[in-house]
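# pasting the sequence and the predicted model now:
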Amino acid sequence: RAVITLQLEVAERICSPPGSKAYGILSVVSQLYGTPRLAFKIPSSAFQPKPDVTSALVVVDFPPHRPELDINECHLRTVLRAAFQQRRKMLRQSLKQILKEKEVTLPDEWGTKRPEVLGARQFVELTKIIYGPGTTPDEVAGKVWRGKLDDVARL
């Protein structure tokens, strides 16, 4: 379990459900590895000096073991970034370049969806459709979601 104080906007992004305006990559990744919930808001008056933002306490419960995703998490990161760069487009359009490179056609039930409506596990399934099952290379395991990854590591 993690208990974290964050700026309210970040807390909302972490805890947002699919279909909400704040839902994005941070939401998907947070919800894939744990169960985050916004416990309560913390007014700026609770801090000294008083910040210009409202904060929130987020509680993330983690399962006893890291979930087995059966994919290369670098591929998941690539899919998430491409999908959410054009969040209002259908997946067949936002993932067009990846699909062309991998010579894959999305089934209609996937291609006509927008990224903001898919849950975290659905993104794992989408990644399997595009890249097939796999594992994350040892040299990047644990670093997939931190900063930049060079393109070679993702392929």
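Nice, I can see it.

# per-residue confidence at residue 109?
At residue 109, the pLDDT value in this model is 91.

# so what's residue 7 bridging to?
residue 55 (DSSP bridges).

# wait, it touches residue 58, no?
No - contact criterion C-beta atoms under 8 Å: residue 7 and residue 58 do not qualify, at 10.5 Å. In short, each C-beta sits where N, CA and C put it, glycine included.

# who's more crowded, these two?
Neighbour count, other C-beta atoms under 10 Å: between residue 7 and residue 58, residue 58 has more, with 22 against 13.

# from residue 12, how far off is the more buried one?
From residue 58 over to residue 12 the distance is 9 Å, taken as C-beta to C-beta, to the nearest Å.

# residue 126 and residue 79 touch, don't they?
Yes - taking contacts as C-beta under 8 Å, residue 126 lies within contact range of residue 79: 6.1 Å.

# ok, the two, which is more surrounded?
Neighbour count, other C-beta under 10 Å: between residue 126 and residue 79, residue 79 has more, with 25 against 22.
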